[in-house]
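>>> Here you go, sequence then predicted model.
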Amino acid sequence: MKFTEILEKFRALGGVADNVELRHGQIGRGIFPIHPNLPIKIKAPAHLLASPSWLYLDRDNHIRVNKMLGLDPAFISFYEDYQKFFGWSNGGLEELSTHHNALRGLSKTLKQHLLLFGWIKSDFDSKTINDHMNDYFVSRQIGIENESKLMPMLELINHSPTGMQYIIKDGVHVEGIFETEVLTCYRKNFDAFHFFRNYHFATGTSTALSCNVKIEVPDIGTINISRFDSTFDIKDGVIKSKITKNNSEINISFLDLVSDGKITSPRKEFADRMHEFNLPAHTSNEIFDGLIIHNRIALEDMIVECKLSSNRIAKELEYIAVKQLQLLK
């Protein structure tokens, strides 16, 4: 199937795809303007955003839409063709399998480093095709009103830290003028290790989270810092880590060490929130200084280990660690 044919189906269902084509560029397959320097627009209306829960694999490992849900047959035909010719069945499984095999091939020491920076032990286990499909969905979904949605056509756009932001209104759309490739920013304020775990490629970011660490504080107890940045509270429209206390343990879901996207500096926010647990400001500052040093050492050790490896993923992890180290310095 040609890309122009799937675009016709997309438009017939209410999608918008103006002045765009699919071709290969410097970073692989992506969306480009047909006429550079003229506006492009791609919009997937709300009714064309698929929920991962609608989808399953058939005997030939193609993605299918559950017909028992009573969805529009025209949508089902479009979405299954889209995944067959331009999505999952067009190299998606192979890419994920190759990536995972490389991940499993990392040294034991590098795997230990990754556990510090947000991976879990099961990440290194063997995976079924359904596991790979779920990973595929994670790397392509967008959060809309507390739901995860897949966005056909828009997910073909590649990432850049300086790329356009998605506009979420009556669906998802991207529009603007691009001299060359159309690029979006998948996640603006996101730790680079977490980004790599989700999207499987290295990029620079302006956020650095603390690695997993436990800190014993006299007369206070234990401060447990994790990297669960999907666990948070929202106060006055600002996302904050979730902090709970269980007996003598203070549990912090994640801790920003550097973040350009926040009005309050991470250091001050940490001190303010620890004040709630009777931690003096000078002690909070000492702990924060110690965390900076601890994370620098962890990153430096990781870089040394990466340099010893010929694994492709090790080279990407080295790039991330160097960028994170620069942020902390």
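Perfect, I can see it now.

>>> and stretch 116-128, what's its mean pLDDT?
For stretch 116-128, the mean pLDDT works out to 96.

>>> Please enumerate the helices of this structure.
3-12, 73-86, 93-104, 108-116, 129-138, 192-199, 266-275, 281-307, 312-328 (DSSP state H).

>>> need those in JSON lines with distance to Lys169, can you?
Where you see a C-beta, it was placed from the backbone N, CA and C, and this is true even at glycine. Below are the helices of the chain laid out as JSON lines (distance: least, Cβ to Cβ, whole Å):
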{"stretch": "helix 3-12", "distance to Lys169": "18"}
{"stretch": "helix 73-86", "distance to Lys169": "20"}
{"stretch": "helix 93-104", "distance to Lys169": "31"}
{"stretch": "helix 108-116", "distance to Lys169": "37"}
{"stretch": "helix 129-138", "distance to Lys169": "23"}
{"stretch": "helix 192-199", "distance to Lys169": "24"}
{"stretch": "helix 266-275", "distance to Lys169": "31"}
{"stretch": "helix 281-307", "distance to Lys169": "38"}
{"stretch": "helix 312-328", "distance to Lys169": "33"}
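
>>> Out of the ones you listed, indicate the one that is most buried.
Stretch with highest mean neighbour count among these: helix 192-199 (a mean of 21; mean count of other Cβ atoms under 10 Å).

>>> Tabulate the CA atom coordinates of that helix in PDB.
Extracted as PDB, the C-alpha positions of helix 192-199 are listed here (Å, rounded to 0.1, in the frame of the first residue of the first chain):
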ATOM      1  CA  ALA A 192      16.900  11.100  29.500                       C
ATOM      2  CA  PHE A 193      17.300   7.600  31.000                       C
ATOM      3  CA  HIS A 194      13.500   7.300  31.300                       C
ATOM      4  CA  PHE A 195      13.200   8.700  27.800                       C
ATOM      5  CA  PHE A 196      15.500   6.000  26.500                       C
ATOM      6  CA  ARG A 197      13.700   3.300  28.400                       C
ATOM      7  CA  ASN A 198      10.400   4.300  26.800                       C
ATOM      8  CA  TYR A 199      11.500   5.300  23.300                       C
END
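
>>> residues in contact with it?
114, 117-119, 123, 138-139, 159, 186-187, 202-205, 207-209, 227, 229, 316-317, 320, 323-324 (Cβ atoms under 8 Å, 6 or more residues apart in numbering).

>>> Kindly report the same for stretch 60-69.
Contacts with stretch 60-69, where a contact means Cβ under 8 Å, 6+ apart, come from 50, 54-58, 71, 75-76, 79-80, 83-84, 87-89, 93, 129, 133.

>>> make it 6 Å
54-56, 58, 76, 79, 83-84, 88-89, 129 (Cβ atoms under 6 Å, 6 or more residues apart in numbering).

>>> Repeat that for stretch 146-157.
For stretch 146-157, contacts defined as Cβ under 6 Å, 6+ apart pick out 31, 42, 44, 49-50, 82, 140-142, 172, 182, 184.

>>> farthest-separated two in the contacts of stretch 60-69?
Maximum pairwise distance in these, criterion Cβ to Cβ, is 21.2 Å, between Ile76 and Ile129.

>>> Domain map for this structure?
3-105+126-187, 207-328 (automatic domain parsing).

>>> can I get these in TSV with distance to Phe193?
Output for the domains of the chain, formatted as TSV (distance: least, Cβ to Cβ, whole Å):
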stretch	distance to Phe193
domain 3-105+126-187	12
domain 207-328	6
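
>>> where in the stretch 151-300 of the chain is pLDDT low?
Within the stretch 151-300 of the chain, the set of residues satisfying pLDDT under 70 comprises 261.
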